[in-house]
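K.L.:
Structure, please.
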Amino acid sequence: MTPADWQLQNIWLGMGITLAVFAMYYAVALINNKKTENATDLYLAGRSVGPVVNSLAASSTWMSVATFLGVVALIQQLHLPFVYMWIQLILSVPLLVMLYGASLYRMEVFTSVHFVQLRYGRNTAFLAAGWMLLIMLMYMIGQFIGIAKVFEVLLGLPYTPSLILSALVITGYITIGGMKGATYNDAIQMVIMMVALLVPLAAILKAMGISGYWFPPLGYGDMTDVLLDRIPTFFDLKYEPRFYLSLFVALTIGTLGLPQLAQRVLTSESIKSARIVVPWFCLWVGLMFLGTYAMGFAGVFHFASIGQELTPEAADKTTLLLNLAYNPDWVSAFVIAGVLAAGVSTIAGLMIGVATVVGHDIVGVLKPHLPEKKQLRYGYFALAGTGVVSLLVSLNPPVFLITSIFWAFGLCATAITPMVVLGVWSTRINVWGAFTGSLVSGVVYILLSPYVLPQMSVGAGLVAKLGFSTSLISVPTGFIVTILVSLAAETLNGDAANQERGRAQELVEKMHGWADVTRARYDGSQWLLVLAALWLPILLWGLAPW
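P.N.:
A predicted model of the protein is given here:
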């Protein structure tokens, strides 16, 4: 199979649709640029976004190029039941809002790193900021690479010109619009994504003779019996249980710490509005994820029916190949616009996240009395600089970036989530435990990566290459070390630990909305020890040979 098989015959048609949607993104960005007057506007859209728009924006930020391309390709090549993975991911925003989103909203913080700075101090905040920048850079580069590949298909250009063009276009409109522009553009992009995935998929299923084509997420069921005749092992769980548990540990727990989702909660106009985001988010994301699985299933069915094996490169284009086979060119062009929307919306959230960490959480801490105009200037520089750095790394990406998104989730679950979630719910967690737990577990995660010390990596073959199986060791380590070191520090550091505990008491009570301070509410150690004990068997299971 050659590039001619997956490139649009009418390049100008694809160009026209793509230029139209990007012109719309720039128009929205320019309109909202005039409304950006301070740091809160730039980073949090003035905390003024309603629940429906915010749910669309959060869902859009959560989508990625992988939704249209990567996961469909994995279903095509590996025949894995990825619905399991998407069910876990849908839990992310509900858990985020319940576990700490509302609490951070009451504190009026800008990011989870900002919370770490208030809760644990500067040094721990700088450590968290370093992890966040690494996480977001890894996540973002994967998106830039994916979008560059889409431009290759769209324009027939080589990879490097496609990457430069896409990076400049995307960085420009995000820098102009700030969080307000990104929020409304993300909401628009989510609508484009849903239409671009589900409507053409319905047409594909109808052309295949599927009776339930009118509801694509479940309408592919007619294919099941025929497909199982050709591929009897399609629905089998092909890996040992730890593989699937590590998916939950890395993806669901990792998502809790992702800055672009936390910031979406913090842009809400009220805590009630943030909570209303949850059911809408689950609806939008559920439709997209189930539609993605249906597309992957349809691809496996189609190519099994014609007896054609796809190369890994061609498998990435399964969505486009199906549309070219069953739909007219203009539909395929619109699908490409949907793929671009998926990648652009994720990059927008990540770039805003990086800019906030750099401009607010690092520069703002080092120069706390900086005038707001200069803060804004640093924010815009950070936005533009993020795009340039991502472009430069993406020109010759290291091998591990093939699975960089999975890797980023696992690192976030390891180094960020324990200190944030435990810090919100317990006054016994202190700076010694948070810093040590984050540093030790993060280093363990990196060292056990298949691309750092491959002889020590967790699992074998594909399990090892995906990287996230390491989370069965590093995430339990993060929680256990954070808890035990915090409790030990109370004995070893005496007066200093008691002073911090008293300060944490007032902060934790305030973030949960209590008017009075009652020491017993969040001061118990028993549940922390029980939690550490529950993580211990998972740690031991992860350490056992795979």
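
K.L.:
only C-alpha atoms for contact and neighbour calcs from this point on.
P.N.:
OK.

K.L.:
For the residue nearest the centre of the chain, which non-adjacent residue is closest in space?
P.N.:
Ranked by distance to the mean C-alpha position of the chain (CA atoms, centre = their mean), the top residue is Trp62 at 5.3 Å. Nearest residue to Trp62 in three dimensions, chain neighbours excluded: Thr346, at 6.4 Å (CA to CA, 6 or more residues apart in numbering).

K.L.:
same question for the helix or strand that contains Thr292, mean pLDDT?
P.N.:
With elements taken from DSSP states H and E, the one containing Thr292 is helix 271-305. Here helix 271-305 scores 83 as its mean pLDDT.

K.L.:
before we move on, the earlier item: quick check: buried residues in the strand or helix carrying the residue nearest to Trp62?
P.N.:
Using DSSP H and E, Thr346 maps to helix 329-356. Using 16 or more other CA atoms under 10 Å as the test for burial, helix 329-356 gives 329-356.

K.L.:
Tell me the pLDDT of Ser426.
P.N.:
90.

K.L.:
wouldn't it be in contact with Gln526 here?
P.N.:
No. Contact criterion CA atoms under 8 Å: Ser426 and Gln526 do not qualify, at 11.0 Å.

K.L.:
Looking at these two, which has the bigger crowd around it?
P.N.:
Between Ser426 and Gln526, counted using other CA atoms under 10 Å, the more crowded position is Ser426 (22 against 9).

K.L.:
and the gap between the more buried one and Ala504?
P.N.:
9 Å (CA to CA, to the nearest Å).

K.L.:
and what of Thr414?
P.N.:
23 Å.

K.L.:
higher neighbour count, those two?
P.N.:
Thr414 (35 against 24).

K.L.:
Isn't that one up against Ser441?
P.N.:
Yes. Assessed by CA under 8 Å, Thr414 is found in contact with Ser441 at 6.0 Å.

K.L.:
dump the residue contacts of the closest residue in space to Ser332 that isn't next to it in sequence.
P.N.:
Computed as CA to CA, 6+ apart, the closest residue to Ser332 that is not its neighbour in sequence is Asn323, at 5.6 Å. Asn323 makes contact with Pro200, Leu201, Ile204, Val331, Ser332, according to CA atoms under 8 Å, 6 or more residues apart in numbering.

K.L.:
Do you know the pLDDT at the residue nearest to Met138 when sequence neighbours are not counted?
P.N.:
What sits nearest to Met138 in space, not counting adjacent residues and going by CA to CA, 6+ apart, is Ser404, at 5.5 Å. pLDDT, Ser404: 71.

K.L.:
What strand or helix carries Ser404?
P.N.:
helix 404-415.

K.L.:
helices and strands around the helix or strand that comes right after that helix, which ones?
P.N.:
For helix 404-415, the succeeding helix or strand toward the C-terminus, using DSSP H and E, is helix 417-425. Helix 417-425 sits against helix 112-120, helix 253-257, helix 431-447, helix 471-492, helix 494-511, with contacts defined as 3 or more CA pairs under 8 Å, 6 or more residues apart in numbering; DSSP states H and E.

K.L.:
what's the closest of the ones you listed to Leu247?
P.N.:
helix 471-492 (8.6 Å; CA to CA).

K.L.:
If I take that closest one and helix 431-447, what angle do their directions form?
P.N.:
If you take axes from the mean of the first three to the mean of the last three CA atoms, to 10 degrees, helix 471-492 sits at 160 degrees to helix 431-447.

K.L.:
what angle do helix 471-492 and helix 404-415 make?
P.N.:
Here helix 471-492 points in a direction 20 degrees away from that of helix 404-415 (the same axes, to 10 degrees).

K.L.:
next one: the helix holding Thr346 to chain centre, how far?
P.N.:
Chain-centre distance of helix 329-356: 13 Å, with CA atoms, centre = their mean, to the nearest Å.

K.L.:
list the helices and strands it packs on?
P.N.:
Going by 3+ CA pairs under 8 Å, 6+ apart, helix 329-356 lies up against helix 11-33, helix 51-62, helix 65-68, helix 122-155, helix 159-207, helix 259-266, helix 318-326, helix 372-395.

K.L.:
Now render the ones you listed as CSV, adding mean pLDDT and distance to Thr470.
P.N.:
Formatted as CSV, those follow (pLDDT from 0 to 100; distance: least, CA to CA, whole Å):
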stretch, mean pLDDT, distance to Thr470
helix 11-33, 79, 39
helix 51-62, 82, 23
helix 65-68, 68, 21
helix 122-155, 80, 16
helix 159-207, 82, 31
helix 259-266, 70, 22
helix 318-326, 83, 30
helix 372-395, 74, 25
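
K.L.:
quick one: which of these is nearest Ile75?
P.N.:
Ile75 sits nearest to helix 318-326 of all the helices and strands packed on helix 329-356, at 9.9 Å, using CA to CA.

K.L.:
hang on, the earlier thing: wait, doesn't the residue nearest to Met138 sit right on Gly142?
P.N.:
Yes. Ser404 lies in contact with Gly142 (CA under 8 Å); the separation is 6.4 Å.

K.L.:
Need the residues touching each of those two.
P.N.:
Joint contacts of Ser404 and Gly142 (CA under 8 Å, 6+ apart) do not exist.

K.L.:
Phe406 is in contact with Gly254, correct?
P.N.:
No. At 9.6 Å, Gly254 does not count as touching Phe406 under the criterion of CA under 8 Å.

K.L.:
These two - which one has more neighbours?
P.N.:
Neighbours per residue (other CA under 10 Å) separate Gly254 from Phe406, with Gly254 holding more: 28 against 20.

K.L.:
In contact with that one, which residues?
P.N.:
Residues in contact with Gly254 (CA under 8 Å, 6+ apart) are Phe409, Gly410, Leu411, Cys412, Ala413, Thr414, Thr417.

K.L.:
Could you give the number of residues near Lys238?
P.N.:
Lys238 has 13 neighbouring residues, counting by other CA under 10 Å.

K.L.:
Assign it to helix, strand or coil.
P.N.:
Judged by DSSP: H, G, I helix; E, B strand; the rest coil, the three-state class of Lys238 is coil.

K.L.:
Tyr244 versus that one, what's the distance?
P.N.:
Noted for Lys238: a distance of 10 Å to Tyr244, by CA to CA.

K.L.:
How about Val344?
P.N.:
For Val344, the distance to Tyr244 - CA to CA - is 29 Å.

K.L.:
swap in Trp62?
P.N.:
21 Å.

K.L.:
ditto for Pro476
P.N.:
For Pro476, the distance to Tyr244 - CA to CA - is 16 Å.

K.L.:
Confirm that Phe215 sits in a strand.
P.N.:
No. Counting by three-state DSSP, Phe215 falls outside a strand, being coil.

K.L.:
let's number from 15 now, not from 1
P.N.:
All right, first residue 15 from here; so that's Phe229.

K.L.:
Neighbours of it, how many?
P.N.:
By other CA under 10 Å, 16 other residues sit near Phe229.

K.L.:
Give me the pLDDT for it.
P.N.:
87.

K.L.:
In contact with it, which residues?
P.N.:
Phe229 neighbours (CA under 8 Å, 6+ apart): Ala216.

K.L.:
Next, it: phi, psi?
P.N.:
Per-residue torsions, Phe229: phi -130, psi 80 (degrees, to the nearest 10).

K.L.:
ok, now Val63?
P.N.:
phi -90, psi 130.

K.L.:
Pairing partners for it in the sheet, please.
P.N.:
Ser282 (DSSP bridges).

K.L.:
can you count the residues close to it?
P.N.:
Neighbour tally, Val63, other CA under 10 Å: 24.
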